[in-house]
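**Q** Okay, here's the prediction I keep looking at, along with the sequence it came from:
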Amino acid sequence: MNTVIAEKLPEIPAAPGVYLMKDAGGAVIYVGKAVNLKSRLSSYIGADGRPDAKTALLVEKIADVETIVTATAQEALILEANLIRRHKPAYNVILKDDKRYPSLRIDINAPYPCLQVVRKTRRDGALYFGPYASGLALRQTLKLINKAFKLRKCRTPEVQKRPRPCLNHQMGLCLAPCNLPVDPAVYADMTDQVRLFLSGRPRILMDKIKADMQAAAERQEFEQAARLRDRLFAVRQVVEKQDVVTNDFLDRDVVGLARDNGRAMVVVMFIREGRLLGVRHYPVRQAVAGDAEIIGAFCKHHYQQTHDIPREILVPVRPEDGDIYGQWLSELKGRKVVILAPARGARRRLLTMAAENAALRLKAFADAENSEEALLDSVRHHLKLSRFPRRIECFDNSGISGTNMVSGMAVFINGRPDPSAHRRYRIRTVIGVQDDYACMKEVLSRRFDKARSSAEMPDLIMVDGGKGQLHIAVSVLNELSLDQEMDVIGIAKADGTEKAGQDNIYKPGRANPLNLTRQAEVRYFLAGIRDEAHRLALSFHRKARNRSALRSRLDFISGIGPKRKAVLLKTYGGIAGIARASIDELTVLPGMNRKIASRVLAALSLTDNNQ
């Protein structure tokens with residue numbers, strides 16, 4: 001029996017709140033919530049009797065317990081979710097899908113709202129739809145909306161006045177409120193139709209479009225009626241492709257859970273008006289927990305990220321303190337939300353369908369994970385690495401004759417790229433000379449200086465280059481006393497070839513490259529990592545070069561300061577657009593006058609003639 005909790009129990013209040021369990025090093029290893037903290041923590045005192053596997057391991061490592069009292073159980077639930085996200089405790093259920101899938105945002109409070117793709121949702125009064133787990137589904141949705149509903153496409157929060165409509169208006173894809181008089185009521189009605197479409201309300205939307213079409217025909221506005229007919233046809237095409245899974249036309253999420261060999265998978269099916277709109281899956285990192293705890297973790301994780309909460313959520317087993325989850329979700333939605341675990345009937349058949357989907361996803365996930373692990377094990381064996389290369393970081397430089405020198409760091413975790421961990425560096429110490437060695441030294445020094453306390457360390461470093469770059473990497477690691485904590489290799493194109501996978505791999509202490517002629521899978525894998533780092537560095541260099549070019553052409557024009565420059569670039573998008581404008585068009589812009597406008601056009605014309 002762990003005595004830490006027993007010693008602290010007299011001081012713990014019988015109130016709702018959150019408890020943090022820590023190990024001997026002070027790291028948070030578990031975060032939990034409770035309606036009654038004293039009662040919940042007292043249950044751990046006798047956990048040595050017949051505990052589950054996770055609790056038995058947890059109790060052995062508890063060295064300290066900290067409690068935070070909250071006003072209500074719902075506040076405890078929210079605080080628990082935030083603390084789990086911050087600390088990522090080893091014994092909590094962590095859903096691996098923690099990346100931000102894209103959502104669609106539309107601010108209905110704006111005069112002429114536009115549809116935006118965002119990665120993070122906020123409680124800002126705007127409407128959010130999604131998240132979309134499939135990029136293809138998102139693009140198809142946007143394509144249909146852009147074709148059927150003529151919302152503005154410019155991304156600025158407010159409508160910026162333009163001297164003339166953009167190409168979208170000429171193609172019939174935008175009403176151009178930036179230049180033409182558009183009735184706010186007409187635009188608001190179109191925005192409401194987009195809302196109905198994205199909310200999964202096709203029947204209501206089609207009835208509304210049909211009524212508007214008939215009204216337009218009665219007014220003999222036949223062009224408007226034809227546009228509404230095309231819109232109705234486009235929406236109907238989408239609806240016909242969606243599977244009808246219930247005949248009660250209710251909105252619900254159906255959650256499925258599958259487990260096998262220490263792995264778990266949660267799948268959620270989104271059903272709106274009886275139609276299956278999509279499916280999203282979550283691999284579970286900590287699969288030794290019980291089903292109820294996993295379902296509770298899913299509810300906290302998923303519904304914190306989305307504004308689309310249905311009135312009914314079907315789960316295979318209710319989470320612990322299920323009533324608190326229901327109250328919390330009802331508070332988020334603004335109307336009652338119920339969490340049900342049906343044992344029979346049509347709802348149970350939906351749960352069976354979700355469970356079958358979860359089992360299929362789990363098998364595919366396990367097969368992919370096993371394949372990736374086998375590949376990384378092969379990399380470790382053939383490269384004779386000292387550790388398993390779970391995290392690989394690859395560095396590459398880019399620049400032209402020492403100008404706009406940059407570097408990219410590509411990160412692969414468990415054999416897959418992790419874009420959120422990629423980094424781009426602007427070289428500070430090398431200016432005007434092409435010195436790749438100095439650039440590599442600066443970047444590696446910046447990456448690993450004080451890295452122990454500020455960032456996760458890689459198992460393998462790759463540098464794009466031969467023996468010279470490899471020598472620089474080794475010397476930097478030696479200076480920082482990190483040479484024993486990670487492996488390092490160099491990768492360079494073999495002489496006389498540009499073919500993928502035909503690279504030389506160099507290791508410290510070897511004069512010749514490794515012979516990987518028969519290990520094609522390993523060679524292509526390493527080349528793919530190098531190519532990703534090269535792509536990062538090259539794209540960043542192009543941006544830096546273009547930014548520098550913009551400065552050289554606008555900033556040397558007398559009378560053009562930061563404000564006028566910002567207005568010009570925002571209005572025309574770049575130098576080419578500004579050069580095509582007329583003096584009259586430039587003159588009407590904020591802060592501009594005829595004298596400055598003519599000076600700008602003369603300067604740009606002179607520059608183009610000199611090129």
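**A** Structure's in. What do you need? Numbering: from 1, shown residues only.

**Q** Roughly how far does Pro590 sit from Tyr282?
**A** When CB to CB, to the nearest Å is applied, the distance between Pro590 and Tyr282 equals 49 Å. Any C-beta I mention is one placed from the backbone N, CA and C, and that applies to glycine too.

**Q** Reduced to three states, what does Leu144 come out as?
**A** Here Leu144 takes the helix state, with states given by DSSP: H, G, I helix; E, B strand; the rest coil.

**Q** more neighbours, Pro590 and Tyr282?
**A** Tyr282 (25 against 11; other CB atoms under 10 Å).

**Q** hang on, the more buried one in a strand?
**A** Yes - looking at Tyr282 with three-state DSSP, it is inside a strand.

**Q** My guess is it contacts Leu95. True?
**A** Yes - here Tyr282 lies in contact with Leu95, judged by CB atoms under 8 Å, at a distance of 4.3 Å.

**Q** Which residue ranges make up each domain of this structure?
**A** 3-87, 108-243, 252-364, 391-546, 555-610 (automatic domain parsing).

**Q** Of the ones you listed, give the one that comes closest to Leu375.
**A** Comparison of the domains of the chain against Leu375 by CB to CB identifies domain 391-546 as nearest, at 5.8 Å.

**Q** Wait, Ala410 touches Ala533, no?
**A** Yes - with the criterion set as CB under 8 Å, Ala410 and Ala533 qualify as a contacting pair; they are 3.9 Å apart.

**Q** what's the overlap in contacts for those two?
**A** Cys394, Asp396 (CB atoms under 8 Å, 6 or more residues apart in numbering).

**Q** can you give me the mean pLDDT across the longest helix seen in the chain?
**A** Taking residue count as the measure and DSSP state H as the definition, the longest helix of the chain comes out as helix 345-383. The average pLDDT for helix 345-383 rounds to 89.

**Q** Pairing partners for the helix or strand that it is followed by, with directions?
**A** Scanning the chain past helix 345-383 towards its C-terminal end, the next helix or strand to appear is strand 391-400 (assignment: DSSP states H and E). Using DSSP bridges, strand 391-400 pairs in its sheet with strand 403-413 (antiparallel), strand 460-464 (parallel).

**Q** Can you show me the strands along the stretch 151-300 of the chain?
**A** Under the criterion DSSP state E, counting those that start in this stretch, the stretch 151-300 of the chain contains strands at 243-244, 252-260, 263-272, 275-284.

**Q** Just the residues contacting the second one, thanks.
**A** Looking back up the chat, that one is strand 252-260. Strand 252-260 has contacts (CB under 8 Å, 6+ apart) with 246, 264-271, 287, 291, 294-295, 298, 310-317, 350-351, 353-359, 361-363, 366.

**Q** Next, the angle from it to helix 345-383.
**A** With axes from the mean of the first three to the mean of the last three CA atoms, to 10 degrees applied, the angle from strand 252-260 to helix 345-383 works out at 50 degrees.

**Q** For strand 252-260, which residues meet the burial criterion?
**A** Burial within strand 252-260, assessed by neighbour count using 16 or more other CB atoms under 10 Å, is assigned to Arg252, Asp253, Val254, Val255, Gly256, Leu257, Ala258.

**Q** Now do the end-to-end distance for stretch 151-166.
**A** According to CA to CA, to the nearest Å, stretch 151-166 extends 13 Å from its N-terminal end residue to its C-terminal end residue.

**Q** Stretch 193-211 now?
**A** With CA to CA as the measure, the first residue of stretch 193-211 is 13 Å from its last.

**Q** what does that stretch contact?
**A** Applying CB under 8 Å, 6+ apart, the external contacts of stretch 193-211 come out as 104, 106, 108, 115, 127, 129, 141, 145, 149, 151, 228, 231-232, 235-236, 238-239, 242, 249, 251, 270, 272-273, 275, 277, 308.

**Q** For Met486, give me phi and psi.
**A** As for Met486, its main-chain torsions (degrees, to the nearest 10) stand at phi -160, psi 160.

**Q** check contacts around it.
**A** When contacts are counted by CB under 8 Å, 6+ apart, Met486 touches Arg387, Met457, Pro458, Asp459, Leu460, Ile461, Leu477.
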